[in-house]
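Q: With the input below, show me the fold.
(chains A and B, ligands or ions: 6)
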Amino acid sequence: MPTKPELALDPVLEVEDLKIHFALRGSGFARLLGRDTGTVRAVDGVNLDLERGEVLGLVGESGSGKTTLGRAMLGLVAATSGSIHHRPGDGSPDTDIAALRGKALRQRRTRLQMVFQDPHAALNPSMDIETAVGHPLVIHKRASGDELRARVVSALERVGLVPAEQFLSKYPSDLSGGQKQRAVIARAIILDPEVLIADEPVSMLDMSVRAKILQLMLDLKDDLGLTYVYITHDLATAKFFCDRVAIMYLGKVVEIGPTAEIFAHPRHPYTQALLKAIPDVDPNKAMPRDLPRGEIPDAARPPRGCSFHPRCPLARADCGWEPRDLKALVEEHWTRVPVADYEREHALVGGLADLDHSENRAVVKPHGGTVADLDALFDRIRTENAAEPLWQGVTSITATEDGLVFEFAPAAEVPLRPSGPTEVACVLYPPDPS
Amino acid sequence: MSETVIDATDLRIWYGTPRGPVRAVDGVSFSVGRGEILGLVGESGCGKSTLGRGLLGLLPEGAKMDGELKFAGDDLLAMSPKERFAHRGRDLAMIFQEPLTRLNPLMRISEHFTETLRVHHPKMSPADVETRSLDVLRLIGIPPSRWRAYPHEFSGGMRQRLMIALALVLRPAFVVADEPTTALDVLVEAQIIKLLHDLRENFETSLLLITHNLGIIAEACDRVAVMYAGKIVEIGDARTVFADPQHPYTRELLRSTITLTTDGLHSIPGAPPDLVSPPSGCHFHPRCPDAMTICPLREPAMLARDGGPVHVGSNDVACWAANPAGLSDADLAPLVREELSVADEA
Ligand SMILES: Nc1ncnc2c1ncn2[C@@H]1O[C@H](COP(=O)(O)OP(=O)(O)OP(=O)(O)O)[C@@H](O)[C@H]1O
Ligand SMILES: Nc1ncnc2c1ncn2[C@@H]1O[C@H](COP(=O)(O)OP(=O)(O)O)[C@@H](O)[C@H]1O
Ligand code: SF4
Ligand code: SF4
Ligand SMILES: [Mg+2]
Ligand SMILES: [Mg+2]
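A: Numbering: from 1, shown residues only, chains lettered A, B, ... in the order given. Ligands and ions are numbered 1, 2, ... in the order given. As a prediction, this is how the structure comes out:
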């Protein structure tokens, strides 16, 4: 285990109510993804401090906003609102990275560096290793000539690319995946930064190489006094590598706290599900059967209330149930009935467009039948699985002339709230005293 | 298991390159039982995909294959390309890692299924195509209301489900799934693994599941084959192999895997070899902590764990240390070698 010092509070970065929204304006790409217009809330109100000397993990499934948040910390993506205060350890003044532009930002970025997931894409194939690793020194006019070479050699030695002279004239295609990642790390440390943001630095590497790169990063942290943000979807490496972890879901931090506590006592149902889902080499551990259904939703159309509610096995009435959830439930029901039943039911409800929204009221019109037929159909679906949490969120079902009317319970707010040594964004925390 | 679907004997596959042949599969023998899930694991570049594609006759231009490959007793390598194709579509199928690159964005799901089914059943009526496809889609968890949707209207996990349904609609006897969950998130990955594991309840399909992830093998597979530098070095019941690995490479691979119980980092020194000129004797000897004098000199034979001959369903290993019978004291002496240069490190 890496040493996990008791941290005196000395944040190097303070992220406050950060929002990063991307406008989608019917580009060809958006249409291909089936999103015509709208806003993707990639980061949607994140507050966190990065303490000097710690390894903070940002953990979550793809699309949860980890990369966007990490890039924002370097000023590589513009904030829609909120701030990112940088308190450098070298005595230079504090600044809000989110408000910096141009030269001031580039200057600041020498203190904060990024290591990318794909070392192959991060290195220019036509640049030799000496040029690639020394590039930041040249760009920032920090060194030239013999000093430049000496610093490149020293950076290569630090990352274990030795004898360094052998690597100077090599090209990325001459290196293995692990060696390329070492070169990327050498480039990231050559300006003596204080923070490294590592975005999935080992996920593209073989198991047998991952440990070597993680070990290298731990050694560099100790030798150079670095602070890390470690972005990953892999809970096992996060558990080993991080002092604290922030679990992200759809642009928000849903749980944050000391690594040991999060793994020993995961509170948020999403964290619990992630931990249960990790395939385990222990041959005696059975495959989990009660996995959350579905996938991370489209960040351009986030669910009402708690974003995790459509998949949450513990959801309650006030978690944000909405008509779209009922649509998904009907479709799931159709994977279980014979094709003939499906055809009859499908003709009755039409295309389910009546349910494809997130208001708190929906009217399903009978297409090829009566409201009573509709009522009977939804009754059947309900009795199929009465424990389905969605039904707690349906406050009434009324047959009217217009159709079958569903009313949904109001959605509770789910801000991060303290719970023991962690903070959790879930209506279940802090637990009800009763 | 007595009935086998695939029997490979001394299978070799190589790619011609200007540097010489890349021996991606270098004399591999194994069988897959009916309804069995065999996991294939090993480091990047060891030949897993090449072997998987070779079994299905899907090798790229420039690849060559020899040895013996039997499907349900028929010698596939002796067949004409036309005969092999008739087999491949109906009885042999493949599931790829990147579903989006395999689906035509301009074709509806219904058209994908129609095309797949019509290749082998040209006279099938549209109604039969629909019924048969919807049956499979349902079992895979895709609602029939999506029948006329386009691929982009599906999420990543749903697209992988579509690929699985497309592979299964012809009810193949043998399917190769090459890293089917590598592009997916952990919760969706677990859903897909569960789906593949449960396939045999509804389909009489045998599966070769290629993955880097030992955890997936432990959870989803009956048997596991561990591959190193073009060779299968250990094969057997997944629980037995993981609980008590016999080959040093299997053991080191397990030790270097980071899991929730990892409390120290461990790695295998060095990097996998260049398959144009792999090391002599046992290909693993330059990296093997147990290497002995015999190891670079003679290749160890694949033997059952008890040292006897390999038979269907036995747990086998190719390693001198695991089966030292007949070796002299000199053979068994630790290998004297030069330090690995860090430049060879990955
Ligand atoms: N078309 C090709 N031409 C030449 N060499 C090839 C070709 N395809 C693969 N190889 C080489 O054959 C060897 C085995 O490759 P293969 O793709 O089968 O490995 P793998 O085990 O599937 O790797 P990964 O885990 O990265 O998918 C490698 O050395 C690779 O570089
Ligand atoms: N430049 C961009 N334009 C539009 N949407 C984006 C852009 N970058 C990221 N997104 C969207 O923002 C969300 C979060 O993405 P990302 O930060 O990459 O998440 P993660 O790293 O956790 O996978 C996703 O829905 C993604 O599609
Ligand atoms: S608020 Fe908590 S219980 Fe409710 S859906 Fe979200 S995670 Fe589940
Ligand atoms: S044969 Fe020798 S070198 Fe090969 S794995 Fe066994 S002990 Fe190691
Ligand atoms: Mg990312
Ligand atoms: Mg492969």
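
Q: what about the longest helix in the chain?
A: As the question left the chain open, I've gone with chain A. Assignment by DSSP state H gives helix A:207-224 as the longest helix of chain A.

Q: Correction: the question concerned chain B.
A: When chain B is parsed with DSSP H, its longest helix is helix B:186-202.

Q: Can you confirm whether that one lies near ligand 2?
A: No - judged by C-beta under 6 Å from any ligand atom, helix B:186-202 stays clear of ligand 2, getting no closer than 12.6 Å. The way it works is simple: take the backbone N, C-alpha and C, and place the C-beta from them, glycine included.

Q: Spell out whether that helix and chain A are in contact.
A: Yes - Helix B:186-202 lies within reach of chain A by C-beta under 8 Å from any C-beta of the partner chain, at B:186, B:187, B:188, B:189, B:190, B:191, B:193, B:194, B:197.

Q: Now do residue 91: how many residues are near it, please.
A: As the question left the chain open, I've gone with chain A. 5 (other C-beta atoms under 10 Å in any protein chain shown).

Q: oops, I was thinking of chain B
A: Residue B:91: 20 surrounding residues under other C-beta under 10 Å.

Q: tally of neighbours for the nearest residue to it once chain neighbours are set aside?
A: Leaving aside its chain neighbours, residue B:91 sits nearest to residue B:173 (4.7 Å; criterion: C-beta to C-beta, 6 or more residues apart in numbering or on different chains). Residue B:173 has 21 neighbouring residues, counting by other C-beta under 10 Å.

Q: list the contacts for residue B:173?
A: B:5, B:34, B:71, B:72, B:91, B:92, B:204, B:205, B:206 (C-beta atoms under 8 Å, 6 or more residues apart in numbering or on different chains).

Q: Which pLDDT value goes with whichever residue of chain B sits closest to ligand 3?
A: The nearest approach of chain B to ligand 3 comes at residue B:187, 13.7 Å away (C-beta to the nearest ligand atom). Model confidence at residue B:187, given as pLDDT, is 91.

Q: dump the residue contacts of it.
A: A:61, A:273, A:274, A:277, A:291, A:292, A:295, A:311 are the contacts of residue B:187 under C-beta under 8 Å, 6+ apart.

Q: same question, residue B:54
A: Contacts for residue B:54 were tallied using C-beta under 8 Å, 6+ apart; they are B:11, B:13, B:25, B:63, B:65, B:69.

Q: now, among those, which is nearest to ligand 4?
A: Set against ligand 4, the nearest of the contacts of residue B:54 by C-beta to the nearest ligand atom is residue B:25 (18.5 Å).

Q: Quick check: closest non-adjacent residue to the closest one.
A: Nearest non-adjacent residue to residue B:25, counting by C-beta to C-beta, 6+ apart: residue B:13, 3.9 Å away.

Q: In three-state terms, label the one you found for me.
A: The three-state assignment at residue B:13 reads strand, by DSSP: H, G, I helix; E, B strand; the rest coil.

Q: That one contacts residue B:49, correct?
A: No - if you go by C-beta atoms under 8 Å, residue B:13 and residue B:49 don't touch, sitting 10.5 Å apart.

Q: for the chain, which spans come out with low pLDDT?
A: No chain specified, so I'll use chain A. Chain A contains residues with pLDDT under 70 at A:1-8, A:25-37, A:283, A:433-434.

Q: hmm, I had chain B in mind actually
A: Those would be B:1-2, B:338-346, if you go by pLDDT under 70 across chain B.

Q: For it, which residue gets nearest to ligand 2?
A: Nearest to ligand 2, among the residues of chain B, is residue B:185, at 8.9 Å (C-beta to the nearest ligand atom).

Q: what about the nearest residue to that residue once chain neighbours are set aside, distance to ligand 3?
A: Among residues not flanking residue B:185 along the chain, residue A:61 sits closest, at 3.8 Å (C-beta to C-beta, 6+ apart). Using C-beta to the nearest ligand atom, to the nearest Å, residue A:61 is found at 15 Å from ligand 3.

Q: tell me which parts of the stretch 101-250 of chain B are close to chain A?
A: Applying C-beta under 8 Å from any C-beta, we find that the stretch 101-250 of chain B lies next to chain A at B:105, B:131, B:134-135, B:137-138, B:141-146, B:152-153, B:155-158, B:185-191, B:193-194, B:197, B:212-216, B:218-220, B:238-239, B:242-243.

Q: Buried among those residues? Make that a PyMOL selection.
A: Applying 16 or more other C-beta atoms under 10 Å in any protein chain shown to these, the buried members can be selected in PyMOL as follows:
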select buried, chain B and resi 134+135+137+138+141+142+143+144+145+146+155+156+157+158+185+186+187+188+189+190+191+193+194+197+212+213+214+215+216+218+219+220+238+239+242
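
Q: Restricted to helices, list the residues of the stretch 101-250 of chain B next to chain A.
A: The helices, defined by DSSP H, take in B:131, B:134-135, B:137-138, B:156-158, B:186-191, B:193-194, B:197, B:214-216, B:218-220, B:238-239, B:242-243 from those.

Q: among the contacts of residue B:54, which two are most distant?
A: B:63 and B:69 (13.9 Å; C-beta to C-beta).

Q: rewinding a little: extract the C-alpha set from the longest helix of chain B and format it as PDB.
A: Provided in PDB are the C-alpha atoms of helix B:186-202 (Å, rounded to 0.1, in the frame of the first residue of the first chain):
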ATOM      1  CA  VAL B 186     -18.200  -2.300 -15.500                       C
ATOM      2  CA  LEU B 187     -22.000  -2.600 -14.800                       C
ATOM      3  CA  VAL B 188     -22.800  -3.200 -18.500                       C
ATOM      4  CA  GLU B 189     -19.800  -5.600 -18.800                       C
ATOM      5  CA  ALA B 190     -21.200  -7.600 -15.900                       C
ATOM      6  CA  GLN B 191     -24.600  -7.700 -17.600                       C
ATOM      7  CA  ILE B 192     -23.100  -9.000 -20.800                       C
ATOM      8  CA  ILE B 193     -20.900 -11.500 -19.100                       C
ATOM      9  CA  LYS B 194     -24.000 -12.900 -17.300                       C
ATOM     10  CA  LEU B 195     -25.800 -13.000 -20.600                       C
ATOM     11  CA  LEU B 196     -23.000 -15.000 -22.300                       C
ATOM     12  CA  HIS B 197     -22.800 -17.300 -19.300                       C
ATOM     13  CA  ASP B 198     -26.500 -18.000 -19.500                       C
ATOM     14  CA  LEU B 199     -26.500 -18.600 -23.300                       C
ATOM     15  CA  ARG B 200     -26.400 -22.300 -22.900                       C
ATOM     16  CA  GLU B 201     -29.800 -22.300 -21.300                       C
ATOM     17  CA  ASN B 202     -31.300 -21.200 -24.500                       C
END
